[in-house]
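Asker: need a 3D model of the sequence below.
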Amino acid sequence: MIHNNWNEKLNTFLANFEYTNDATGILVCGSYITGSPTSHSDLDVHIVLDDTANYRERGNKIIDGLLIEYFANPPKQIHQYFEEDIHDRSLMSQTQFATGKILLDKEGQVKALKQKAQTMIADFYTASSTPLLELDKYFLWDMQDDLQDAHKTSRPDFDFIYYTRLDMLLAKYMGSINRPYNSKTILGNITDPVVREKYLLRELPDPNISKLIAAAISAKEIAAKLNAYQQLTATIIVASGGFDINNFKLKGELQ
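Answerer: This is a model prediction of the structure:
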């Protein structure tokens, strides 16, 4: 069920929220704000607490069938979440604030957080890419080798191995081109401008790799999966300067 009266249900939730007196701002985000909610969409609510608050809380509450997921934090804690997301090459919290709708802002702090989030997103995309290291490329080669072995030996868990390896491959690649990675949005990022707009994503820099990613995600038959995975791995490695397993070595001092 899609809740068109979500704002009424949010008001019911806020009227019974334990820490209402500590709240200086409220921002609501998610599909009910950015568009195209489904029957499984929840309502994400950031409750910005007074700077003097010495606690944080995250929880869920169902109001007349609508699942409300709330996050109550003072601004300093939200800034920390912003920094942690950047460190993890994620823009999840920044995107929520950048696309969210302000319902309450007593002291202007929610607006400031929204502006900070927008600036961090812009800065993230302008940062230099980080080419894969030799160890990273060995990691990709080794994952492909595992998958080839699983196919050759007809392992019954081939699909499990395939999708877990594909997830790790995409995470490595997205990190190397300085793009946030979310398995739920990667195909939409490639194929759907509406998804890119909704999550403030930018197209990947290499159209050929984008096509290969889409093919790897969408492949149905085992042979097609393996072929797509091998092409994607080879193209990513070549784009990162190539790799020769026969000459791979790492040497360093003992710790």
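
Asker: for the stretch 1-150 of the chain, give me the ranges with low pLDDT.
Answerer: For the stretch 1-150 of the chain, applying pLDDT under 70 flags no range at all.

Asker: and the helices in it?
Answerer: Here the stretch 1-150 of the chain has its helices, by DSSP state H, counting those that start in this stretch, at 6-15, 31-34, 75-87, 92-99, 109-126, 134-152.

Asker: which neighbouring elements make contact with the helix or strand following the last one?
Answerer: Spelled out, it's helix 134-152. Later in the chain than helix 134-152, the nearest helix or strand by DSSP states H and E is helix 158-176. Judged by 3 or more Cβ pairs under 8 Å, 6 or more residues apart in numbering; DSSP states H and E, the packing partners of helix 158-176 are helix 134-152, helix 207-218, helix 222-239. Bear in mind the C-beta positions are built from the backbone N, C-alpha and C, glycine included.

Asker: orientation of helix 158-176 relative to helix 222-239 in degrees?
Answerer: 20 degrees (axes from the mean of the first three to the mean of the last three Cα atoms, to 10 degrees).

Asker: what mean pLDDT does helix 158-176 have?
Answerer: Helix 158-176 shows a mean pLDDT of 97.

Asker: outline the domain layout of the chain.
Answerer: 6-126, 134-247 (automatic domain parsing).

Asker: now the terminal residues of the last one, how far apart.
Answerer: So that's domain 134-247. End-to-end distance for domain 134-247, by Cα to Cα, to the nearest Å: 11 Å.

Asker: again, but for the longest one
Answerer: Here the two ends of domain 6-126 are set 36 Å apart, with distance taken as Cα to Cα.

Asker: pull stretch 108-124 out as CSV, backbone CA atoms only.
Answerer: What follows is stretch 108-124, C-alpha atoms only, in CSV (Å, rounded to 0.1, in the frame of the first residue of the first chain):
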residue,chain,number,x,y,z
GLY,A,108,18.8,27.0,10.7
GLN,A,109,20.9,23.9,11.4
VAL,A,110,19.0,21.6,9.1
LYS,A,111,19.5,24.0,6.2
ALA,A,112,23.2,24.1,7.0
LEU,A,113,23.4,20.3,7.1
LYS,A,114,21.6,20.2,3.8
GLN,A,115,24.0,22.7,2.2
LYS,A,116,27.0,20.8,3.7
ALA,A,117,25.7,17.5,2.2
GLN,A,118,25.4,19.1,-1.2
THR,A,119,28.9,20.5,-1.0
MET,A,120,30.3,17.1,0.0
ILE,A,121,28.6,15.4,-2.9
ALA,A,122,30.0,17.9,-5.4
ASP,A,123,33.5,17.6,-3.9
PHE,A,124,33.3,13.8,-3.9
